[in-house]
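**Student:** Okay, predicted coordinates and the sequence, questions at the end:
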Amino acid sequence: MNGAPTMLLAAAFVLAFACVAVMGYAIQRGATCTVAAVDEWVSRKSWRRLRSMGEASLWVAGGLLVAHVLHQLPAMPAGYAVTGWTVAGGVLLGLGAWVNGACVFGAIARLGSGEWAYAATPLGYFLGAATVQALFAPAAPQRLTEPSLLFAAPELMAAAFVLFAAWRVLPPLLRLDFGALRARIWQPHAATAVIGITFL
């Protein structure tokens, strides 16, 4: 009787582990890091990495829209109002990344490269999340009642995303450019696209 649920749970665990492995590989190969992206913008006047991180958000939002249109997603993730705590948290996260020399993604990439000192980063992140309520007692997040503007025309937006995904994915596949997967350093947009897809 319990065989089917156990098998489904095991399959879900294996799939989740595979997604984590692929995401970690993409982070390590793409040198994905917000600190590095900001440094690139300041020192080289290049938006390449920051633009790629924005593209990762596009992959996540587009994937959720497609799943919603195909009725594979019962409810979209809830949105929450921006408060002073949101701004303070962002500033604190940025300050921590500056002191650390890498954001969370960058710390994972460096940890994967054998820099074991960065193992303290996820531990510190966890401790901060676990103690913020006891230390500061922030108000509960306010859930937004209005739906996202993306739902004004979800079918149209989903179709536009499918065209964008085809534009990004098909050319490398048609060129059979699989050697790029083994490259030491990936293009930032390729790494962040893989990260966005596995996040879904």
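**Tutor:** Yep, it's here.
**Student:** all strands for this structure, in order.
**Tutor:** Taking DSSP state E, the chain contains no strands at all.
**Student:** Can you spell out the domain ranges of it, please?
**Tutor:** Annotated domains of the chain cover 8-76+151-200, 80-146 [automatic domain parsing].
**Student:** Any chance of JSON lines for these, columns mean pLDDT?
**Tutor:** JSON lines is the format used below for those (pLDDT from 0 to 100):
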{"stretch": "domain 8-76+151-200", "mean pLDDT": "78"}
{"stretch": "domain 80-146", "mean pLDDT": "84"}
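**Student:** and those domains as JSON lines, adding mean neighbour count?
**Tutor:** For the C-beta atoms, the positions are set from N, CA and C on the backbone; glycine is no exception. Converted to JSON lines, these look like this (neighbours: other CB atoms under 10 Å):
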{"stretch": "domain 8-76+151-200", "mean neighbour count": "15"}
{"stretch": "domain 80-146", "mean neighbour count": "13"}
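**Student:** so who does residue 125 touch?
**Tutor:** Shown in contact with residue 125 (CB atoms under 8 Å, 6 or more residues apart in numbering): residue 104.
**Student:** all helices of the protein, in order?
**Tutor:** 3-30, 34-44, 48-69, 84-100, 104-112, 120-136, 154-174, 188-199 (DSSP state H).
**Student:** Mind putting these into CSV with distance to residue 76?
**Tutor:** Output for the helices of the chain, formatted as CSV (distance: least, CB to CB, whole Å):
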stretch, distance to residue 76
helix 3-30, 20
helix 34-44, 25
helix 48-69, 6
helix 84-100, 20
helix 104-112, 24
helix 120-136, 24
helix 154-174, 9
helix 188-199, 15
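**Student:** out of the ones you listed, nearest to residue 78?
**Tutor:** helix 48-69 (12.2 Å; CB to CB).
**Student:** Packing partners of that closest one?
**Tutor:** helix 34-44, helix 154-174, helix 188-199 (3 or more CB pairs under 8 Å, 6 or more residues apart in numbering; DSSP states H and E).
**Student:** Show me how far that helix is from its chain's centre.
**Tutor:** What separates the centre of helix 48-69 from the centre of its chain is 9 Å, taken as CA atoms, centre = their mean, to the nearest Å.
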